[in-house]
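Give the three-dimensional model of this entry:
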Amino acid sequence: MSDFETVIGLEVHAQLKTMTKLFSTSNNEFGDNPNSNVSIVDLGLPGVLPVLNMEAVRLAIIAGLSTDCKINKKSTFARKHYFYPDLPKGYQISQYDEPIASSGILNIKSGSSNKKIRINRIHMEEDAGKLIHDLSDDLSLVDLNRAGVPLIEIVTEPDLSNPEEAVSYLKRLRKILLFAGVSDCDMEKGNFRCDANISLRKKGDDELGVKTEIKNVNSFRFVQKALEYEIIRQKKILEKGDEVLQETRLFNSSTNKTYSMRSKEDAHDYRYFPDPDLQPLILDEKFIEDIKTNLGTSYDKKYLSMINMGLKDDDVDILMSDLKLLEYFEKTILCINEPKMVCNWIISELIKYLDNLKLQPEIFAELMKLIKDGSINNNSAKSILEKISLSNQNPIEVVELMNLKQESSEDSLNEIILKTIDDFPEEYKRIMDGELKLLSFFMGQAMKLSKGKGNPKIINKLLKEKFKIN
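Below you'll find the model as predicted:
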C-alpha cells in the first residue's frame, strides 16, 4: 500500500462564445485563413487601446453563476509579461488579484458518493496566437487569429485525489458550460483546455508537496493518462529520497509520458501590474441580477426533469450538449407528449440533417404522430424525414404522394403471409419442424412483399399465430 497520497488541482481555459474578441472587433471564428481575423489592437501596434467586450463579461458571469461562484462587483485587468512569438504585445491581458468570480462549488461523483470540489476563482483573459511547426522543416509559422480571443480560466482548489476524479470534474464542468451557452467546449478546436497541477505528499501530512504542472491537455483520456504517469514518476523520485522539481511538463500522447518543458514560473516572473489602459470593471447589481433572472433552469434540474421523462442518461447528455437540439426536442414534445419516442428519433435520425435542417418542430411532431397511430412504419418514416428535412412539407401530404400509408388490415396481411409461405415451402417445413430462427426470414420476406408498407407488429403477430409460436 502506498505511503503517499495524490493532490490535484485543475486550471481549465474555456473559450467564450462571442462574435468578436475580448478587446477588439476582430471576428472570433475558428478555421478561417491564417492571420485573417487580426486587427491593430490584436497586433499591439503603438497607440492602440483595448475596449472590453461586454458580451464576454456577461458569459463569464453566467459561468460563475452556473458553478455557484460569488460574482465580484469589482474586478481588474493586469498585464502578464512574457516573451513568445505568438504574443505580439509582449504581455497578455488577464485578471490577477481581482477576478470576476470566486469561491464556487462543483459537485462530482467520486466512486459511489458525491464530492464537493471548490473553485478558487474564475478570471477573464485574452488568448495568445498559435505557433505552427509542422508546415516547414526550417521555420515555425505564426497564426494570430486566436490572439485576443476571450477566455475564462476556472481554477480549482487542490481538492481532487486521483485521475478519475479529475476526469469526472472536467466532464461535468464541460456539460455545465455547454448547457449554459458559455462556450462550445470543443476540445479538438482547443476551446476547452486543461492544465493539471499535481503533487504527492505523505499520508497524514497537511503541507502540500512540490507540484508539477501539465500544460494544455486536450482530451479527457489524455488528462487521465498524464496524471497516472506523473503519479508513478513522482512516487519513484520520492521513494528514492530525491526531490520533485517544480516545473511545467508536456504530455506526449504517443508514449503516454510527460516530459519537462521549463522550470515553473512564479507570479513575480510575469511582472504583473494593473493594465493602465483598462479601468476597473465595476458591475451594477441590477446587471448581475438580470443575468441571474434570465439564466433559467440549472443544469442539474433540467437533467433530472429529463431523466424523469424516462430518457436514458446517455441520450440526455446528447440533447443537453447542444442547445439547439434541446430546444428542438422541447418544442416537439409540446406538440406530441412522447418524450422517449421523440428523443430516439432526434438522436438516431434527425441529427443527420441538422446542418441544413428546415423542418420545424411542429411538422416533425406530425411525423411522430403518424408513426404512433400506425399510419406509417419506421422505414417509411425515415424516407419521409429525408424528404421533408429540407422542405418543411407536411408529412401527411408526402404519405399520399409517395403512397406510403401503412397496411394494417389483418386480412390483407394474411394474404401476403400465405403468398410468402407458398414461395418458400422448404423454409415453411423447417420452421414448422421447430427451426424458430426462420421467423425473422419470413418477417423480412413478408415486409418485402408488402413493399415496406406492412405493419411489422401485425405481421409479426400473424406469423407467430401461423407458425404456432408463443
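
Now do Ala78 against Tyr84, distance only.
Plainly put, Ala78 is 18 Å away from Tyr84 if you go by CB to CB, to the nearest Å. For every residue, glycine as well, the C-beta is placed using N, CA and C.

Compare neighbour counts for these two and give me the winner.
Between Ala78 and Tyr84, counted using other CB atoms under 10 Å, the more crowded position is Ala78 (22 against 12).

other SSEs contacting the top strand by length along the chain?
Of all the segments assigned as strand in the chain under DSSP state E, the longest by residue count is strand 113-126. Applying 3 or more CB pairs under 8 Å, 6 or more residues apart in numbering; DSSP states H and E, one finds that strand 113-126 makes contact with helix 54-66, strand 91-94, strand 101-110, strand 150-156, helix 163-180.

Comparing those, which comes out most buried?
Greatest average neighbour count among the helices and strands packed on strand 113-126 goes to strand 150-156 (a mean of 23), per mean count of other CB atoms under 10 Å.

Tell me which strands that strand pairs with, and in which orientation.
Sheet pairing of strand 150-156 (DSSP bridges) gives strand 4-15 (antiparallel), strand 113-126 (antiparallel).

Beyond the longest helix anywhere in the chain, next helix or strand please.
Identified as the longest helix of the chain according to DSSP state H is helix 220-239. Proceeding N to C from helix 220-239, the next assigned helix or strand is strand 247-252, under DSSP states H and E.

can you give me how far that next one is from the chain middle?
In this view, strand 247-252 has its centroid 25 Å away from the chain centroid, taken as CA atoms, centre = their mean, to the nearest Å.

from the middle of its chain, how far away would the helix or strand following it be?
Under the assignment DSSP H and E, the closest C-terminal helix or strand after strand 247-252 is strand 257-263. Per CA atoms, centre = their mean, the displacement of strand 257-263 from the mean C-alpha position of its chain is 29 Å.

So for stretch 166-182, mean pLDDT?
Averaged across stretch 166-182, the pLDDT comes to 96.

ugh, typo on my part, it should be stretch 104-121
pLDDT averaged over stretch 104-121 equals 94, rounded to a whole number.

Does anything pack onto the longest helix of the chain? Which helices or strands?
strand 4-15, helix 163-180, strand 192-202, strand 212-217, strand 247-252, strand 257-263.

Recalculate using a threshold of 7 Å.
Where contact means 3 or more CB pairs under 7 Å, 6 or more residues apart in numbering; DSSP states H and E, helix 220-239 is packed against strand 4-15, helix 163-180, strand 192-202, strand 212-217, strand 257-263.

mind saving the C-alpha coords of the longest one as CSV?
As requested, C-alpha coordinates have been extracted for helix 163-180 and formatted as CSV (Å, rounded to 0.1, in the frame of the first residue of the first chain):
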residue,chain,number,x,y,z
PRO,A,163,-7.1,11.0,-12.1
GLU,A,164,-10.6,9.6,-12.2
GLU,A,165,-11.9,12.5,-10.1
ALA,A,166,-10.1,14.9,-12.3
VAL,A,167,-11.8,13.5,-15.4
SER,A,168,-15.2,13.4,-13.6
TYR,A,169,-14.8,17.1,-12.8
LEU,A,170,-13.8,18.1,-16.3
LYS,A,171,-16.7,16.2,-17.9
ARG,A,172,-19.2,17.8,-15.6
LEU,A,173,-17.7,21.3,-16.0
ARG,A,174,-17.9,20.9,-19.8
LYS,A,175,-21.5,19.8,-19.6
ILE,A,176,-22.4,22.8,-17.4
LEU,A,177,-20.7,25.4,-19.7
LEU,A,178,-22.2,23.9,-22.8
PHE,A,179,-25.7,23.9,-21.3
ALA,A,180,-25.3,27.5,-20.1
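
can you state the direction angle for it and strand 113-126?
Inter-element angle recorded for helix 163-180 and strand 113-126: 60 degrees (by axes from the mean of the first three to the mean of the last three CA atoms, to 10 degrees).

Other residues contacting helix 163-180?
Among residues not part of helix 163-180, those counted as contacts by CB atoms under 7 Å, 6 or more residues apart in numbering are 8, 10, 12, 14, 62-63, 66-67, 106, 108-110, 115, 117, 154, 160, 183, 185, 192, 194, 196, 220, 223-224, 227-228, 299, 320-321.

Please save the CA atoms from stretch 15-33 in CSV.
Output of stretch 15-33 as CSV, limited to C-alpha atoms (Å, rounded to 0.1, in the frame of the first residue of the first chain):
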residue,chain,number,x,y,z
GLN,A,15,-13.1,30.0,-25.0
LEU,A,16,-16.1,32.3,-24.6
LYS,A,17,-18.8,32.0,-27.3
THR,A,18,-18.7,35.6,-28.6
MET,A,19,-18.8,37.1,-32.1
THR,A,20,-15.7,39.2,-31.5
LYS,A,21,-12.5,39.2,-29.5
LEU,A,22,-12.1,40.3,-25.9
PHE,A,23,-10.6,43.8,-26.6
SER,A,24,-11.1,44.3,-30.4
THR,A,25,-13.8,44.0,-33.1
SER,A,26,-11.9,41.2,-34.9
ASN,A,27,-14.0,38.1,-35.6
ASN,A,28,-13.9,35.3,-33.1
GLU,A,29,-14.1,32.5,-35.7
PHE,A,30,-12.3,29.2,-35.8
GLY,A,31,-10.9,27.8,-39.0
ASP,A,32,-10.6,31.0,-41.1
ASN,A,33,-7.5,31.6,-43.2
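
If you count neighbours, what's buried in it?
15-18, 20-24, 26-28, 30 (16 or more other CB atoms under 10 Å).

With pLDDT and distance to Pro88 added, can I get these in JSON lines?
Converted to JSON lines, those look like this (pLDDT from 0 to 100; distance: CB to CB, whole Å):
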{"residue": "Gln15", "pLDDT": "97", "distance to Pro88": "19"}
{"residue": "Leu16", "pLDDT": "98", "distance to Pro88": "21"}
{"residue": "Lys17", "pLDDT": "97", "distance to Pro88": "24"}
{"residue": "Thr18", "pLDDT": "98", "distance to Pro88": "20"}
{"residue": "Thr20", "pLDDT": "98", "distance to Pro88": "18"}
{"residue": "Lys21", "pLDDT": "98", "distance to Pro88": "13"}
{"residue": "Leu22", "pLDDT": "98", "distance to Pro88": "15"}
{"residue": "Phe23", "pLDDT": "98", "distance to Pro88": "13"}
{"residue": "Ser24", "pLDDT": "97", "distance to Pro88": "12"}
{"residue": "Ser26", "pLDDT": "97", "distance to Pro88": "13"}
{"residue": "Asn27", "pLDDT": "96", "distance to Pro88": "17"}
{"residue": "Asn28", "pLDDT": "96", "distance to Pro88": "17"}
{"residue": "Phe30", "pLDDT": "90", "distance to Pro88": "20"}
